[in-house]
Structures are given as structure tokens and as C-alpha cells.
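Undergrad: Coordinates for the following, if possible.
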Amino acid sequence: MGIFAREESRTNLAAARIARQATASLAGLLAGQGKTRSDLAAAMGVSPGRVSQIMSGDANLTVRTLAAVAEALDADVQITFCARPQPTDAKARGSADASPVRSSGLPAHH
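TA: Okay, here's the model as predicted:
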């Protein structure tokens, strides 16, 4: 497999992960508002089948689609980019000394 195929595969996996996050968040919002997929379809002026496509995560969730869903539900969409955690040297070597505990910034009491 060439480098471009690997990169495309990683991009496809990332896209699928983002779609799952978006649809899970949307499902939670619908439930929180006590609305159904049919309610969303009516508010968007689309067919229930289109909402099913959106909710399946298989459809290409464009920014325009996300905005239309948000407007129909009187909601906002937040997209946040953040750096992935990088392994520390100890974790990268598989050392047993690597501790998952993070400092609280408070002085230690011994």
C-alpha cells in the first residue's frame, strides 16, 4: 500500500469518526428536546428518508447540512479542532513507569 492510500484510509476513518460524533450529538439533542426524526424532517422541510440518511452517518455531512439541522432545531453547531495527545517517551517505550495520573497543580502532601 502506498503512502497516498494510507493517508486516504486514515482520512476515511477520521471522517467516519466525525460523522458518528455528529450523529450521536444530534440524536442526544433530539431526545433532549423530545423530538423525533419525523419532527426534524418536518422542521427541515425534507423527507424522513433524508433525515435517516443524515442520522446514519453514511451521508456526506456537509457544513450546509449541519447548519440546516441546527437551524431546524434552534441549536448551534460547535466544531473544535484539538491536537491529539502525544505519547510520552515512557509510554512510547512501553515502560511500566508511565503513570496515567496527571498533576492537579496542587502541592503534594507527604
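Undergrad: C-alpha from now on. contacts and neighbour counts both.
TA: OK.
Undergrad: where are the low-confidence patches of the chain?
TA: Applying pLDDT under 70 to the chain flags residues 1-4, 59, 90-110.
Undergrad: Select the longest helix from it.
TA: What stands out as the longest helix in the chain, according to DSSP state H, is helix 3-33.
Undergrad: Report the next helix or strand after that helix in sequence order.
TA: Next in sequence after helix 3-33, counting helices and strands by DSSP states H and E, comes helix 37-44.
Undergrad: Could I get the CA-only coordinates of that following helix as PDB?
TA: Extracted C-alpha coordinates of helix 37-44, given in PDB (Å, rounded to 0.1, in the frame of the first residue of the first chain):
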ATOM      1  CA  ARG A  37     -36.800  12.100  13.400                       C
ATOM      2  CA  SER A  38     -40.100  12.900  11.800                       C
ATOM      3  CA  ASP A  39     -40.300  16.100  13.700                       C
ATOM      4  CA  LEU A  40     -36.800  17.000  12.400                       C
ATOM      5  CA  ALA A  41     -37.800  16.200   8.800                       C
ATOM      6  CA  ALA A  42     -40.800  18.400   9.000                       C
ATOM      7  CA  ALA A  43     -38.800  21.300  10.500                       C
ATOM      8  CA  MET A  44     -36.200  20.900   7.800                       C
END
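Undergrad: Just the buried residues of stretch 10-29, please?
TA: Going by neighbour count (16 or more other C-alpha atoms under 10 Å), the buried part of stretch 10-29 is 19, 20, 22, 23, 26, 27.
Undergrad: Could you measure from the residue lying closest to residue 57 once chain neighbours are set aside over to residue 87?
TA: Among residues not flanking residue 57 along the chain, residue 19 sits closest, at 5.2 Å (C-alpha to C-alpha, 6 or more residues apart in numbering). Distance from residue 19 to residue 87, counting by C-alpha to C-alpha, to the nearest Å: 26 Å.
Undergrad: need the contact list for residue 54.
TA: Contacts for residue 54 (C-alpha atoms under 8 Å, 6 or more residues apart in numbering) come out as 23, 60, 61.
Undergrad: give me the element it is part of.
TA: Using DSSP H and E, residue 54 falls within helix 48-56.
Undergrad: All set now, cheers.
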